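Student: I would like the atomic coordinates for the input below:
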Amino acid sequence: MLLDIKLLWRDWRGGQLGLIVWSLVLAVAVVTAVSLLADRVERGLNEQISAFLAADMAVRSGIEIAPLYKSQADDAGLQTANTATFVSMLFSSNPDSEANHLAAIKAVESTYPLRGELELVDSFEDTTIELSQSGPPVGEVWVEPRLLTILDIKVGDTLEVGYAEFTISKLIANEPDRGGGFSSAAARVMMNYADLAKTELIRPGSRVNYRLLLAGDTAAVDQYKTWFAELDSGDSQLQSHVRLQTAEEEEEQLGSALQRGRSFLLLSGTIGVLLAGLAMALASHRYANRLIDQVALMKAWGQSARRIRQSQFVRLSVLTLIATTLGLFFGWLAHWFLLEVAKEFFGADLPLPSMRPWLVSGATGIVCVLGFALPALWHLPAIEPLRVLRRDLPDSLMSQGMRLSIGVVALLLLTFWYSGSLLIAALFLGCLFALFAVSGLFALQFLRLVQTMGNWRGSYVRLGLANLWRRRGQTMVQLIGFSTTLLLLLVVTGLRTSLISEWQAQLPEDTPTHFVFNVADQDLEQVKSTLDENGVLHNTWYPMVRGRIVGINGEALTRERLAQSDGLAREINFTQTAELPVENVLTAGTWWGEDFDPAISQISMEQDVAQEIGVGLGDNLQISVGGIEFSAQLTSIRTVNWQSMTPNFYLIFTPGSLDKFSPNWLSGVLDPVVKAQESQAPNDSTTVVQKEAAFVTSMVKQFPTAVVLQLGDIIERIRSVIDKVTRGLEMILLLVLACGALVLFAAIAVSFDERLRENAILRTLGSSQKLVFGALAVEFATLGLIAGLIASVGAEIVLYFMQTRVFEMEPGLHPSLWLLGMGSGVLLIGALGLLRSRPIISVPPLQSLRQLN
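Tutor: Predicted structure coming up:
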């Protein structure tokens, strides 16, 4: 074994193992980085399942929860805490500021939270965390630190919420059941449940999420679950708006989401593993050729094929151990960058990882060696010494098809392990190979084109382009690797930098700049008058009530049936109108027009929801609003343009159908700038933005229940999420790009002897070093140009589908991405290729010939 280590060290010093080692290091590093991140996020969330609810279970409803549920919990000996969550506009108490913010208000009883703890601080500068298992005292509010910055206020100031004033006494560093959804983007304001009524913000029709938190021993929890299930099968009207949320359900849903997230990250890293494996296969082939003489000598000295194979196994094992250890280390470093991105979504520090990601990454290293390196070395012990002396050598005792099959099986094994599904693994590899095939076809056509161009160009250009065509097999491998990686980087860059801006620029001129919603029924006419008096244009006003479908054709929907469809499992917004809204197109049935029968309630349903819940024209739907049920007939089905930035609804009723309920109203408004702006005094330096803010502030202060949402704020939130996600993806893709660079290095290494011989012959025949350098520069720059061009075309196709299918906007070209793709390809591949080929240029011709002989 000592001899084997010495031989390995000699090979390393001779530069024959570098590419194999670094290919394996990068393959392991990519998988380690993403698997460590996924594992830490999963462990962090799983450890806090109960804390996500702030209880063992919770009764949830869109209407105020009936006292029956709490009294039953008391009888079972459970702890209880009521919460109510909604959004509302808040304003700065600073007289010099017109700042406002759509905040997420949460009213909690003093027993909140039942599980987990609130983390509080006294000020921005305070690093001492105070843990609390009770909510704010009456008359006080606790807020997220960012609200102070937004509203330009501080701890101790007064905060006006609705018609009540509160003192800011603490800052919330972490909240156990913060959750997600739209309101999670708004800053939290927490108040005592007893203070909720005096704010006067909760009115009939208001959108509020009520929760009754429950906690206790296992027997009491199980008893309550049994009672709730029995109630389910009894009073359906009482239960239609109520759902019992348990920690087990949260764990199951969370586990499914985390599995999908982990699979996505690991499969994205598989591209890097594939490229690193390709580089490893090329480097191993060159290494095997260098070992032929050594193997022949060992056999001539009496070593058996078994002993030689054992020696190779020892060397390969040591190499795998060292490279895998380095890969684990570099992957651990890289995952810290990804972790910083993850913390922006998940908040608190995540726990240390388990052993699973380390095992997955270590196994990746072993499978890569077995699938990509070992097949190139397997035939060596079987070669006869005499054939070595005669130089009568086979390329390999293992066919190219067999080696390719082993590599594909290795990749399939890894992707199956990463995704947990053989179907997903097969589909992913199928799509990946299809992408490679298309890239290969493009590459071949471009190579034929540049070969033709090389016939009428200067000598070094002709020589460089001829090199590409002569080694077109290796060239296509390099083009496929680089173009695929650059394509992914360009798509991420386009999504991050231009797509949202282009979509925003293509919005029609009459697109609302603000949305006003949650306007109380009794305030509607006053709100309209205020807008008209200030010259603010406003669109159609829609009444909104929240309800759900509880039955179809007289058959009540079971909770199992509800869980099968998102359109049935949750409350949605209903409206009523006589006119078909703009950007809505009927696909079945007829619109009721103006001569409908007001005694018969009719429904127009969005097409996807109708397909999801399995209903058609003529079906009668049982609807529940606030626990009050009524029936309506489905008379039309329509498509909705959800990107139109106008109010859209899944269900629309005939006028009069919802009159018995208390709606709140919604509309879009255009440019809420004070009408007096036209007569602005010359010395008045107030900007349009300041006038907008002042008008919005004054209007919502006049109507505290109203909420004004700016379109720009929505777009900025979308842009912020995309920016955070793409930053993490870019880190992974940079590692993949490094794997692509190794493919280039490996391809150059495979042809190194041939290039050295060509250089020696050219120099001997009188060619200058400048000619050889120019030919190499043309070769690698053209390689980069073609890779960048293929990547730009592919990225443009992907962005086209995102423009037309996701954003439903007019497609457009992205010249900046073409310049970036081709420019980065030329510079990156050109520089790397010349760097790796420097020994070919610098070695004198005589030394090259002696070395080859």
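
Student: looking at it, Ala296 is touching Ile383, isn't it?
Tutor: Yes: in this structure Ala296 lies within contact range of Ile383 using Cβ atoms under 8 Å: 7.0 Å. No exception for glycine: its C-beta is placed from N, CA and C like everyone else's.

Student: any common contacting residues for the two?
Tutor: Residues touching both Ala296 and Ile383 by Cβ atoms under 8 Å, 6 or more residues apart in numbering: none at all.

Student: And the contacts of stretch 307-325?
Tutor: By Cβ under 8 Å, 6+ apart, stretch 307-325 touches 1, 3-5, 7-8, 11, 17, 20-22, 24-25, 28, 295, 298-299, 303, 361-362, 365-366, 369, 373-374, 377, 380-381.

Student: wait, stretch 282-296
Tutor: If you take Cβ under 8 Å, 6+ apart as the criterion, stretch 282-296 is touched by 7, 11, 14, 16-17, 19-20, 23, 308, 372-377, 379-381, 383, 385, 388-389, 393, 396, 474, 477, 743, 746-747, 749-750, 752.

Student: Could you rerun that using 7 Å?
Tutor: If you take Cβ atoms under 7 Å, 6 or more residues apart in numbering as the criterion, stretch 282-296 is touched by 16-17, 19-20, 23, 308, 372-373, 376-377, 380-381, 383, 385, 388, 393, 746-747, 749-750.

Student: which residues in the stretch 751-853 of the chain form helices?
Tutor: 752-764, 769-801, 815-842, 845-852 (DSSP state H, counting those that start in this stretch).

Student: Show me which positions of the second one end up buried.
Tutor: Within helix 769-801, the residues that count as buried by 16 or more other Cβ atoms under 10 Å are 771-796, 798-799.

Student: How about stretch 95-115?
Tutor: Residues 98-109, 111-115 are the ones in stretch 95-115 that count as buried (16+ other Cβ under 10 Å).

Student: Are any of the contacts of stretch 282-296 buried, and if so which?
Tutor: Neighbour counting with 16+ other Cβ under 10 Å marks 16-17, 19-20, 23, 308, 372-373, 376-377, 380-381, 383, 388, 746-747, 749-750 as buried within the contacts of stretch 282-296.

Student: and Gln474, what does it touch?
Tutor: Residues near Gln474 by Cβ under 7 Å, 6+ apart: Ala747, Val750, Ser751.

Student: Next: Asp11.
Tutor: Contacts for Asp11 (Cβ under 7 Å, 6+ apart) come out as Leu17.

Student: where's it relative to Leu291, distance?
Tutor: 8 Å (Cβ to Cβ, to the nearest Å).

Student: With Leu374 instead?
Tutor: From Leu374 to Leu291 the distance is 13 Å (Cβ to Cβ).

Student: Repeat that for Met402.
Tutor: 20 Å.

Student: the more surrounded of the two?
Tutor: Taking neighbours as other Cβ atoms under 10 Å, Met402 and Leu291 compare with Leu291 leading, 21 against 13.

Student: how about that one, secondary structure?
Tutor: In three-state terms, and counting by DSSP: H, G, I helix; E, B strand; the rest coil, Leu291 is helix.

Student: With Leu352 instead?
Tutor: coil.

Student: do Val318 as well
Tutor: Classified using three-state DSSP, Val318 is helix.

Student: Model confidence at it, what's the number?
Tutor: Looking at Val318, its pLDDT stands at 90.

Student: dump the residue contacts of Glu140.
Tutor: Counting by Cβ under 7 Å, 6+ apart, Glu140 has contacts Phe166, Thr167, Ser169.

Student: who does the first one bridge with?
Tutor: When bridges are taken as DSSP bridges, the partners of Phe166 come out as Leu159.

Student: And the pLDDT at it?
Tutor: Note for Phe166: predicted pLDDT of 93.

Student: quick one: Ser304 from Val295, how far?
Tutor: Noted for Ser304: a distance of 12 Å to Val295, by Cβ to Cβ.

Student: what about the two, which has more around it?
Tutor: Taking other Cβ under 10 Å, Ser304 and Val295 do not tie; Val295 has more neighbours (24 against 11).

Student: so that one is in which element?
Tutor: Secondary structure from DSSP states H and E places Val295 in helix 247-300.

Student: How many neighbouring residues does Cys739 have?
Tutor: Using other Cβ under 10 Å, Cys739 has 27 other residues around it.

Student: Verify the stated contact: it with Ala276.
Tutor: Yes: the criterion here is Cβ atoms under 7 Å, and Cys739 meets it with Ala276 at 4.3 Å.

Student: what about stretch 23-39, distance to the chain center?
Tutor: Put simply, stretch 23-39 sits 18 Å off its chain's centre (Cα atoms, centre = their mean, to the nearest Å).

Student: what does stretch 271-278 give?
Tutor: 22 Å.

Student: Contacts for that stretch, please.
Tutor: Contact with stretch 271-278 is made by 23, 26-27, 30-31, 364, 368, 371-372, 407, 411, 414, 432, 477, 481, 484, 735-736, 739-740, 742-743, as judged by Cβ under 7 Å, 6+ apart.

Student: Nearest to Leu465 among the contacts of Gln474?
Tutor: Nearest to Leu465 among these, counting by Cβ to Cβ, is Ser751 at 15.8 Å.

Student: And the closest residue to the closest one other than its chain neighbours, how far from His285?
Tutor: With Cβ to Cβ, 6 or more residues apart in numbering as the criterion, Ser751 has its nearest non-adjacent residue at 5.9 Å, and that residue is Arg471. Separation of Arg471 from His285 (Cβ to Cβ): 14 Å.

Student: Pretty sure Gln633 sits in a strand.
Tutor: Yes: per three-state DSSP, Gln633 lies within a strand segment.

Student: Can you flag which of the contacts of stretch 271-278 belong to helices?
Tutor: 23, 26-27, 30-31, 364, 368, 407, 411, 414, 432, 477, 481, 484, 735-736, 739-740, 742-743 (DSSP state H).

Student: Surely Thr782 and Asn467 touch.
Tutor: No: Thr782 lies out of contact with Asn467 (Cβ under 7 Å); the separation is 9.4 Å.

Student: Count the residues that sit near Ala505.
Tutor: There are 10 residues near Ala505, going by other Cβ under 10 Å.

Student: For Ser304, give me phi and psi.
Tutor: Per-residue torsions, Ser304: phi -80, psi 160 (degrees, to the nearest 10).

Student: Equivalent analysis for the one 3 residues further on, please.
Tutor: Dihedral angles phi and psi of Arg307 (degrees, to the nearest 10) take the values phi -70, psi -40.

Student: can you count the residues close to it?
Tutor: For Arg307, the neighbour count with other Cβ under 10 Å is 13.

Student: CA-only coordinates of stretch 595-613 in CSV, if you can.
Tutor: Output of stretch 595-613 as CSV, limited to C-alpha atoms (Å, rounded to 0.1, in the frame of the first residue of the first chain):
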residue,chain,number,x,y,z
ASP,A,595,-83.3,41.5,-18.1
PHE,A,596,-82.4,38.8,-15.6
ASP,A,597,-84.8,37.5,-13.0
PRO,A,598,-83.7,39.0,-9.7
ALA,A,599,-85.5,36.2,-7.8
ILE,A,600,-83.1,33.6,-9.2
SER,A,601,-79.5,33.8,-8.2
GLN,A,602,-77.1,33.0,-11.0
ILE,A,603,-73.3,32.5,-11.0
SER,A,604,-70.6,33.1,-13.5
MET,A,605,-67.5,31.0,-12.6
GLU,A,606,-63.8,31.3,-13.6
GLN,A,607,-62.9,28.4,-16.0
ASP,A,608,-60.1,26.8,-14.0
VAL,A,609,-62.1,26.7,-10.8
ALA,A,610,-65.0,25.1,-12.6
GLN,A,611,-62.7,22.4,-14.0
GLU,A,612,-61.0,21.9,-10.6
ILE,A,613,-64.3,21.3,-8.7
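
Student: Alright, I will stop here.
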